[in-house]
Structure formats: structure tokens, C-alpha cells
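In: quick one: sequence plus predicted model below, questions after.
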Amino acid sequence: MYSMRVIITAATNLELDGCAKKASQVFKKSKLKISFHATGIGMLASGVKLSQLATTHKPDLIIQMGIAGSYSKKEPLGKVMVVASESIADLGVRENGTFKYLFETGLQKENEAPFKKRKLINQGIRPFNILKTDTVAAVTINEITTSAKRIKEIIAAHNPVLESMEGAALHYVGGLTKTPFIQIRAISNYVGERNKAKWKIKESIEQLEAYVITYLAAIENSLNK
């Protein structure tokens, strides 16, 4: 019987625990061998943890689930999306009021692995986007974006839909270790909106949990064919 080792990660237990509880009930007798791991917040913590998981467990798939901010107000809060490419939005230097990305300084080559044309692209996304969910570009940043000026700069440079604090770590580790991965995000707020009464964290996590359970069931079904 073929089994598939799946690691599911999120930055926080808040994003992870509900799904872990449901999965333990739904997939008791399953070909999917699922484990859940909170990586911590930000690129550093998540990058180290993801590296450990990828090299120690050698999974068939890493799923990163989490909430995200959206740069597009056309996208409804709670919507679940899959990230196709990541850019690191705060890696560089600010000179004379202008932000220069690391590639523009000559310190990083734009096609140096795992980057391709300055982006961290999920090259193996197609077979794992089994629910054929909308795929988007995202940025990762260690300091949540709040200023209108910075938002304009990031949109001009990357044209992203989503922003998180951990996504690029997954794409970087997955790209270097050749570990299949997929990043699944639910929109909890619009980037720059600081009135948290307008955020939908609880609702977006509920949508995320339901999506991931459906996604896992679809993968299991494909294994049974």
C-alpha cells in the first residue's frame, strides 16, 4: 500500500490546531501520514524549522497554511488562494528615500538558485494544486506593511496579491531541498488596514481549515485510484 508523508505547517498554533484536530478524526485510517508543526513567526524562525523538517523527515509534500493580507480589495476576506511565486519585499537597502532590492545592489544574482528572475517560484505547483484553486503572486516581509508609501513601492516592484511573514521561507527551502510544497493562504485583512475590527481572522481560519481538509481528502482519493 502506497502511503504519502505530508507535513503541514503554519506560523502559529492558532492557524494550525483546528485543522490538526479535524484531520486526526477524518484521516484515522489513511494512506496519508500527516504531521503538524508550528514553525514560528517570520522568515528566520520558519526557515530554520522548515529546513529541519525537510531534511529530517523527507516528506512527499509540505503544506504551509496560514492567513494573509491582501493588496487587492477586489478579493473578498476569507477567500482561499494558492501562492505560485514569492518575493522578499524587505531585503535590500534604502538610499535617498528609495528602496533598492538586493538584486539591484549586485549582491544577489536574479537567477541564483532558488531564485528565478528575482522570484521564488513553485516549479512543481501544477500537480499539487489538485483543487485547481486560483494561484497568485505574494510577498514576504518581516515587518507588516502599514504605510501607504511602502504599499505603493511594493505593488510597483512586485504586483503581489498577498502578503505574509513566512511564505518565502517555504519557497526557498522547498526550492533548495527539492521538496514538493504548496502554500495555501486565506485572506484575513487588507494590507494597510490597521483597524482590526475590520479584519476577519476567525472566519478566514475557518475557511482555511475547511479547504485543507478538502484538499487532503482529494489527495487521498487520488492515491486510491
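Out: Structure's in. What do you need? Just so we're clear, the structure is a prediction, and the values are computed from it rather than from any experiment.

In: could I get the full set of helices for this structure?
Out: Assignment of helices within the chain using DSSP state H yields the ranges 13-26, 43-57, 102-105, 125-128, 148-158, 167-177, 201-223.

In: I'd like to know which of the ones you listed lies nearest to M4.
Out: Ranking the helices of the chain by their distance to M4 (criterion: CB to CB) puts helix 201-223 first, at 6.2 Å. Using the backbone N, CA and C atoms, a C-beta is placed for each residue, glycine as well.

In: buried ones in that closest one?
Out: 204-205, 207-209, 211-213, 215-217, 219-220 (16 or more other CB atoms under 10 Å).

In: quick check: mean pLDDT of it?
Out: Per-residue pLDDT over helix 201-223 has a mean of 96.

In: what residue of this structure is the furthest out?
Out: When distances are taken from the C-alpha mean of the chain, N96 lies farthest, 32.3 Å away, according to CA atoms, centre = their mean.

In: report the contact partners of that one.
Out: If you count contacts by CB atoms under 8 Å, 6 or more residues apart in numbering, N96 has none.

In: which pLDDT value goes with F99?
Out: 87.

In: does it touch L91 like I think?
Out: No: between F99 and L91 there is no contact under CB atoms under 8 Å: 10.0 Å.

In: how many neighbours does V26 have?
Out: For V26, the neighbour count with other CB atoms under 10 Å is 14.

In: sorry, wrong one. I was asking about G124.
Out: Neighbour tally, G124, other CB under 10 Å: 16.
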